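Q: Sequence and predicted structure are below.
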Amino acid sequence: MSPTAVLYVAQAIHGLAYGMLLFLVASGLTLIFGMMGILNIAHASFAMLSAYFCYQVLLMTGNFWVALLIAPVVAGICGVLTERFLLRTVHKHGHLAELLITVGIMTVILEIVKIFWGAESLVVKIPQSLSGLVNFAGLTYPIYRLFIIGLSIVILGFMALILFKTRLGKIVRAAVSDADMVSALGINTPLVFMLVFGIGIWLAGVAGAVAGPLLTVFPGMADQLGMDAFVVVVVGGFGSLGGAFIVALFLGELNAYGIQFIPRLAPVLMFAFMAFVLAFKPMGLFGERE
Amino acid sequence: MRNKLYKWILWAVVIIILAVFPRVFGIYYTNFFVGFVIFSLYAVTLNLLLGYMGVLSFGHAMFFGTGAYATAIALTHIQGFPLLPAVLVGGLAGGLLALILSPLLVRVSGTAFAMLTLAFGQLIFVLALKYREVTGGEDGIGGYPIPPLNIPGVVSVDMTDQINFYYFAVAVIAVCLSILWFYTKTPFGSLVVGIRDNAMRMDYLGFNLPQTKAINLTVCGAFAGIAGAVHALLMKLVSTVGVLDIHNSFAPIMMAYVGGVGSFFGPIIGSGVLHLLEDLVIRFTARIGLVNGAIFILVVLYVPMGLVGLFSATKAKWFHKEKVS
């Protein structure tokens, strides 16, 4: 294969891996928004928190797999506590207050992270089995990116199974479309909200933990991941999982090829794309409501 | 009659305090006070959107920052650019940006508005970061001359003197705030409040909603730009992280919310409280963000109407006669 083609494929893999990470973050965000009407500004901050937990556990145990398992769960527990004690209290004051309290949470998480781990970039070492390259059909791929793609697909497969094949999934989907009605049918929606919030944060936590070795762990991580995830949710349409999936992959590729061809404008491309979509479809590509 | 007299006395006291402030408190607190008034104007413009029109601007720093950059660029590149036009250029740039974005922004409300302003704020931030030729990138623009306040034939005041600049900045911001105060009292201002309370009804009554929203947005952008321009003159340095950063968008939201959304003077009080708090906290710890964030969470949780709301609620509880129900 010619070197150019190799380059293109490499960029495509980069884009795919990043798009998958984005979707992991954005899926929780869009589900939470669909159910509770809260746009969780602090969502990516929890992903960052999970990345720091991952770093910490790795430091203590030396085992990447254990870290990868524990960090998102701890982040998810933090998320559940946040929902129970902050968001639910403020729910009666309306959507604006809910939006604003997540801004406060984001600020606090950022500062806590800076206090405990400092402001520098921390490097998370990936285990031997995941570093290195694999050869296939004349091309070389970095294993870790393939691992990210594979892991995301497995997780998303499980999520799709739960969402579309179980009773819980049915309740969640019903609550996304009309939470009040579901509550009126006698289902304990606050509990479902708490669960979905926790799972959403857990998904973001997985994304944060596996993104750690890729992006390095630093306090600006939340801004970077969060902004991209918001664009995905807004462009894909609030509450639309399918839309988020398509847009996340598209943005991943846009980002990867943008960096290759017009490096100066790459970060702008995404926002320009978002403005362009919203100019014609204010509800996003696949959204049904504002 | 008596009420009016009280009012005059109150204003006289405020003006005297403002006049003697730099002599009494020294140069550090003079600059501190200028920072406070700049952010007061900035938070008031945000509140005109949040409290009066009912939409949350998450990228308000873009207006502030554009104003600051416009002033800095004008002063750097045009020899002998006078002071007042420099401030006006900032306002013009902020207003122009708001006007350009308004066709998109007026179509959405609620969360979508917040997200769209957030996105545009980031867009402007990244653009300013990448176009080093114009904006100086991360380093920003610094070292531009601060022109004297020159009224031909009458007086020329040196603005590099910090006390003179204090009077100038306070005067500019006071003028802006009073313009905004009267602006909210006009029929147009009531129209904006009407949109917040019931947009559909205003639409049925035959008012042109998109136009009203766009004008209000432009006014807010322009005055936020003026706040940015005065900020640029105060700091003598404009950098992306300093003025366009997302945390600079959050600051006026916190101020407006702590002070009280929907009240005109709430954001000013909020700005004062948070500035004082920062001054206090910085003596013990460098983690101002943690304290600010925690206070913000507590305010959203327990005092959703802010300090002004808390004050009037307390007043109503303790000092009023029986409620007529």
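A: Happy to help now that I have it. Residues are numbered from 1 along each chain as shown, chains lettered A, B, ... in the order given.

Q: thinking residue A:196 is in contact with residue A:172, fair?
A: Yes: with contact defined as Cβ atoms under 8 Å, residue A:196 reaches residue A:172; the gap is 6.0 Å. Any C-beta I mention is one placed from the backbone N, CA and C, and that applies to glycine too.

Q: Now for these two: what residues contact both?
A: By the contact definition Cβ atoms under 8 Å, 6 or more residues apart in numbering or on different chains, residue A:196 and residue A:172 are jointly contacted by A:31, A:35.

Q: Look at residue A:18 and say how many residues are nearby.
A: 26 (other Cβ atoms under 10 Å in any protein chain shown).

Q: nearest residue to it other than its sequence neighbours?
A: Nearest non-adjacent residue to residue A:18, counting by Cβ to Cβ, 6 or more residues apart in numbering or on different chains: residue A:252, 4.3 Å away.

Q: if I pick the closest residue to chain A within the stretch 1-150 of chain B, what's in contact with it?
A: Per Cβ to the nearest Cβ, residue B:123 is where the stretch 1-150 of chain B lies closest to chain A, at 4.0 Å. Residues counted as contacts of residue B:123 (Cβ under 8 Å, 6+ apart) are A:268, A:271-272, A:275.

Q: Could you rerun that using 10 Å?
A: Going by Cβ atoms under 10 Å, 6 or more residues apart in numbering or on different chains, residue B:123 touches A:267-268, A:270-272, A:274-275, B:59, B:62, B:101.

Q: Check residue B:259 too.
A: B:40, B:43-44, B:47, B:51, B:265-274, B:299, B:306-309.

Q: any idea how far chain A is from it?
A: Using Cβ to the nearest Cβ, to the nearest Å, residue B:259 is found at 14 Å from chain A.

Q: ok, which stretches of the stretch 51-200 of chain B are helices?
A: B:61-77, B:83-105, B:110-130, B:132-135, B:162-185, B:187-197, B:199-204 (DSSP state H, counting those that start in this stretch).

Q: just these: most buried one?
A: Most buried of the helices of the stretch 51-200 of chain B by mean neighbour count (mean count of other Cβ atoms under 10 Å in any protein chain shown) is helix B:61-77; its value is a mean of 27.

Q: any idea which helix or strand carries the closest residue to chain A within chain B?
A: In chain B, the residue found nearest to chain A is residue B:293; the distance is 3.3 Å by Cβ to the nearest Cβ. Applying DSSP states H and E as the criterion places residue B:293 in helix B:288-302.

Q: The helix or strand just after that helix vs helix B:288-302, what angle?
A: The helix or strand immediately downstream of helix B:288-302 is helix B:306-319, counting by DSSP H and E. Helix B:306-319 runs at 40 degrees relative to helix B:288-302, counting by axes from the mean of the first three to the mean of the last three Cα atoms, to 10 degrees.

Q: Against which helices or strands is helix B:306-319 packed?
A: helix B:246-259, helix B:266-281, helix B:288-302 (3 or more Cβ pairs under 10 Å, 6 or more residues apart in numbering or on different chains; DSSP states H and E).

Q: Poorly predicted segments of the chain, please.
A: Chain wasn't specified; assuming chain A. Scanning chain A for pLDDT under 70 picks out A:1, A:136-139, A:288-290.

Q: that's the wrong chain, I wanted chain B
A: Counting by pLDDT under 70, chain B has low-confidence residues at B:1-2, B:153, B:321-325.

Q: Point to the residue nearest the middle of it.
A: Chain B has residue B:42 as the residue nearest its centroid, 0.7 Å off, counting by Cα atoms, centre = their mean.

Q: Residue B:227 is in contact with that one, correct?
A: Yes: between residue B:42 and residue B:227 a contact is recorded at 4.2 Å, counting by Cβ atoms under 10 Å.

Q: Show me whatever sits in contact with both of the two.
A: When contacts are counted by Cβ under 10 Å, 6+ apart, residue B:42 and residue B:227 are jointly contacted by B:63-64, B:67, B:173, B:252.

Q: So which residues on the stretch 101-250 of chain A come close to chain B?
A: A:101-112, A:114-115, A:223, A:226-227, A:230-231, A:233-235, A:238 (Cβ under 10 Å from any Cβ of the partner chain).

Q: circling back: taking the shared contacts of residue B:42 and residue B:227 together, which two end up most distant?
A: For those, the maximum inter-member distance is 15.6 Å, found between B:63 and B:173 (Cβ to Cβ).

Q: buried sites along the host helix or strand of residue B:233?
A: Per DSSP H and E, residue B:233 falls inside helix B:209-235. For helix B:209-235, a neighbour-count test (16 or more other Cβ atoms under 10 Å in any protein chain shown) marks B:212-235 as buried.
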